[in-house]
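Enquirer: Predicted model and sequence follow; I will ask about them next.
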Amino acid sequence: MKRFHLNPHPRSRTSQRAQAMVEFMLVLPVLVILLYGVVELSRLVFIVASVANGSRQAARYGAGSGEPNSGVTYFQDCDGIREVASQSAILTEFEEINITYDRGITAEGEQIPILDIDPSPDADTCPIEDDVIRNGDRIIVQVSASYEPILSLNNIESLEIVSANARTFLISVPIFGSAFPTGFDAETATPSKVPTKTIPANATETEPPTLVPTFNLTYEAIRTQFPRTATNTPLPTLTFTPSLTPTASKAPTSTSTAISCTGETGVSHGPLKFKDNVMSMRLFNKTGYDLSTASVYVSWNHDTGGTPSLRLRQIVLASQVWDGDLFTPSAFIPGYYPTIPAGESEVFFIFDQGYNFRDETERIIITIGNPGCINYPVDSSK
């Protein structure tokens, strides 16, 4: 009898390969779309990161203090700022790099503009003049680039990617110390006398006895030098010679009184006041002594007048007058070291025009120079 075997897989290998090819062709478009989407999304994320990093690094460069090799300050180095931003342009090119400035933001988050300077990040106002900038101002750098897909697709439009960063920069840094030590008793500059040894007239100095070393003597030499006898020899009578007492030196005399600028007998101040063209502050000196000053520092909004500059012309403290003409955001007053009288007094800063606009950076710091209060700041902001 002839046997027949039934094949469980009647299809040949050729038919299996054909089926796999058909299935791959069906899946291939989906796979290509997924890979293309991953590539495009990666490009988009990379461009966004490049734009954000470019604006951040450029703002950090522009907020640096000092002058780079070109001899201009960092916030005025427009080419250098743009070059730093362009270093982050990878897989793209930055279309615009705008640089502008402002005075910071208010508590409500609104920008404080600088006179004649557009604070909008879309504006480009670099470079800016030296006499316009003050401590606490900001530099704003905005970088923009376009994203376009590799393949032109009708349903995907180009995107504009924009990033803006702001950094506060410093023009000058006033350094003030604290009073050290508090309650210090100052002494005169005359050094105290060094005690000297005085010998009375009826006393004679005796030379110290010379010790003869015996550690290397032989036994016979020791016995010969120090013979032993059977008789009892009385001990010698000890005679005490009074020691010499040095004369007492003259104690230094303190010529100044301890002064403390803290606590109930310290120095304090009132709030800043503005009226017409005068900025003033009351001083309360409770130490009971007139205090000398080591420096007078003032900061004001110098671009709020009508001309439009606001210049400091005069300072008056207890009939002590300084006259000058300063147009600057802040300054240590040159050659002015007034005395703060005991009790209550008031210092006046007189400008050439009315003080029309405050930007909350106004500040007065009077540093005291008396012993016990050295470098103690009377600071209007504290």
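Expert: Arrived safely.
Enquirer: Which strand or helix spans residue 296?
Expert: Taking DSSP states H and E as the criterion, the element that holds residue 296 is strand 291-299.
Enquirer: my bad, should have said residue 142
Expert: If you go by DSSP H and E, residue 142 is part of strand 138-147.
Enquirer: pLDDT on that strand, on average?
Expert: Averaged over strand 138-147, pLDDT sits at 92.
Enquirer: Give me the angle between the next helix or strand after that strand and strand 138-147.
Expert: Downstream of strand 138-147, the next assigned helix or strand under DSSP H and E is strand 159-168. Angular relation of strand 159-168 and strand 138-147 on a 0 to 180 degree scale: 170 degrees, by axes from the mean of the first three to the mean of the last three CA atoms, to 10 degrees.
Enquirer: Okay, now the sheet partners of strand 159-168, with direction.
Expert: When pairing is defined by DSSP bridges, strand 159-168 lines up against strand 138-147 (antiparallel).
Enquirer: Can I get the strand it pairs with as PDB, trimmed to CA atoms?
Expert: Extracted C-alpha coordinates of strand 138-147, given in PDB (Å, rounded to 0.1, in the frame of the first residue of the first chain):
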ATOM      1  CA  ARG A 138      20.100  95.900  32.800                       C
ATOM      2  CA  ILE A 139      21.200  94.800  29.400                       C
ATOM      3  CA  ILE A 140      18.700  92.900  27.300                       C
ATOM      4  CA  VAL A 141      19.700  90.600  24.400                       C
ATOM      5  CA  GLN A 142      17.200  89.100  22.100                       C
ATOM      6  CA  VAL A 143      18.100  86.400  19.600                       C
ATOM      7  CA  SER A 144      15.800  85.100  16.900                       C
ATOM      8  CA  ALA A 145      16.100  82.300  14.300                       C
ATOM      9  CA  SER A 146      13.700  80.400  11.900                       C
ATOM     10  CA  TYR A 147      13.000  76.700  11.800                       C
END
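Enquirer: quick one: buried residues of it?
Expert: Buried residues in strand 138-147, defined by neighbour count with 16 or more other CB atoms under 10 Å: 138-145, 147. Quick note: C-beta positions are derived from backbone N, CA and C, even for glycine.
Enquirer: circling back: tell me the strands beside the helix or strand just after the strand holding residue 296, with direction?
Expert: Next along the chain after strand 291-299, taking DSSP H and E as the criterion, comes strand 312-317. For strand 312-317, the paired strands and their directions (DSSP bridges) read strand 320-326 (antiparallel), strand 343-351 (antiparallel).
Enquirer: can you map out the helices along the protein?
Expert: Taking DSSP state H as the criterion, the chain carries its helices at 13-62, 78-86, 219-225.
Enquirer: Minimum distance to residue 370: which of the ones you listed has it?
Expert: Across those, residue 370 has its closest neighbour in helix 13-62 (42.2 Å, CB to CB).
Enquirer: any idea of the mean pLDDT in that closest one?
Expert: Taken as a whole, helix 13-62 has an average pLDDT of 87.
Enquirer: Which secondary structure elements does that helix sit against?
Expert: helix 78-86, strand 96-102, strand 138-147, strand 159-168 (3 or more CB pairs under 8 Å, 6 or more residues apart in numbering; DSSP states H and E).
Enquirer: could you redo the last one with a cut-off of 7 Å?
Expert: Packing partners of helix 13-62 (3 or more CB pairs under 7 Å, 6 or more residues apart in numbering; DSSP states H and E): helix 78-86, strand 138-147, strand 159-168.
Enquirer: Tell me how far it lies from the chain's centre.
Expert: Here helix 13-62 is found 46 Å from its chain centre; the criterion is CA atoms, centre = their mean, to the nearest Å.
Enquirer: Could you check the angle it makes with strand 96-102?
Expert: Using the same axes, to 10 degrees, helix 13-62 lies at 30 degrees relative to strand 96-102.
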